[in-house]
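Colleague: structural data only, the sequence is not supplied:
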């Protein structure tokens, strides 16, 4: 499976208007899931924070990043069936009793122009775009999805966000697969002791 056909749920078929209400809820952890970080995300943030060299990237990882479990379904073009692979990836480390993102200041993102793709693409993640029930569940928690006002996003724009997310995940998976799922080969700056956190 070198590409994927993303089906859009009927609720988004005609596009929607959306504007972040800056409540900060999606920047807090608890049971809301993870904020996944990929290569471009990390280096974009590191560049903004003026970090360079292995030692500074290692310090960045220790402070802001955690190792988490991930999975990806993949079917080689010549294969009859695909399979779900399980492996390690990186996510934001939350802080404080409310498990907020380190970069959340007064309910505003202090690295907004440099934030991870997952943050940029909300609420048009693949799982939300293609599944009405998941979208409706997020609507109960997100003030922006309840108001549905602000910038209008067409069906094509929504699908584009979801496809871009899938491509980022796929490319990371293929990179990991190439390195026999050794995350230290993909992220050589990662301290080895951090791998035990994702066990």
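Modeller: Perfect, I can see it now. Please read these numbers as outputs of a predicted model, since none were measured by experiment.
Colleague: distance of residue 71 from residue 50?
Modeller: Counting by C-beta to C-beta, to the nearest Å, the gap from residue 71 to residue 50 is 35 Å. In short, each C-beta sits where N, CA and C put it, glycine included.
Colleague: looking at those two, which is more packed in?
Modeller: residue 71 (10 against 7; other C-beta atoms under 10 Å).
Colleague: mind checking the SS state of the nearest residue to the more buried one once chain neighbours are set aside?
Modeller: Nearest in space to residue 71, with sequence neighbours left out and distances taken as C-beta to C-beta, 6 or more residues apart in numbering, is residue 86 at 4.9 Å. At residue 86 the chain is in strand, as set by DSSP: H, G, I helix; E, B strand; the rest coil.
Colleague: what about residue 86, neighbour count?
Modeller: The number of residues packed near residue 86 is 9, by other C-beta under 10 Å.
Colleague: can you pull out the strands in the chain?
Modeller: All strands of the chain, identified by DSSP state E, fall at 16-18, 36-37, 65-74, 83-92, 94-95, 100-101, 104-105, 108-109, 151-153.
Colleague: so can I have TSV of these showing distance to residue 56 and mean pLDDT?
Modeller: Converted to TSV, the strands of the chain look like this (distance: least, C-beta to C-beta, whole Å; pLDDT from 0 to 100):
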stretch	distance to residue 56	mean pLDDT
strand 16-18	36	96
strand 36-37	16	94
strand 65-74	13	94
strand 83-92	17	95
strand 94-95	20	90
strand 100-101	20	90
strand 104-105	22	92
strand 108-109	22	92
strand 151-153	36	96
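Colleague: what's the closest of the ones you listed to residue 124?
Modeller: Closest to residue 124 of those, according to C-beta to C-beta: strand 151-153, at 7.1 Å.
Colleague: flag every buried residue along that closest one.
Modeller: The neighbour-count check on strand 151-153 (16 or more other C-beta atoms under 10 Å) flags residue 153 as buried.
Colleague: give the other helices and strands that that strand contacts.
Modeller: For strand 151-153, the helices and strands in contact under the criterion 3 or more C-beta pairs under 8 Å, 6 or more residues apart in numbering; DSSP states H and E are strand 16-18.
Colleague: note down every partner strand of the strand it packs on and its orientation.
Modeller: If you go by DSSP bridges, strand 16-18 pairs up with strand 151-153 (antiparallel).
Colleague: for residue 129, give its distance to residue 42.
Modeller: Counting by C-beta to C-beta, the gap from residue 129 to residue 42 is 25 Å.
Colleague: quick one: which of the two has more around it?
Modeller: residue 129 (25 against 21).
Colleague: skipping adjacent residues, who's closest to that one in space?
Modeller: residue 162 (4.2 Å).
Colleague: the one you found - how many residues pack around it?
Modeller: Residue 162, neighbours per other C-beta under 10 Å, totals 23.
Colleague: the strands of the chain: which one's closest to residue 186?
Modeller: Closest among the strands of the chain, using C-beta to C-beta: strand 83-92, at 9.2 Å.
Colleague: the closest one vs strand 65-74, what angle?
Modeller: 160 degrees (axes from the mean of the first three to the mean of the last three C-alpha atoms, to 10 degrees).
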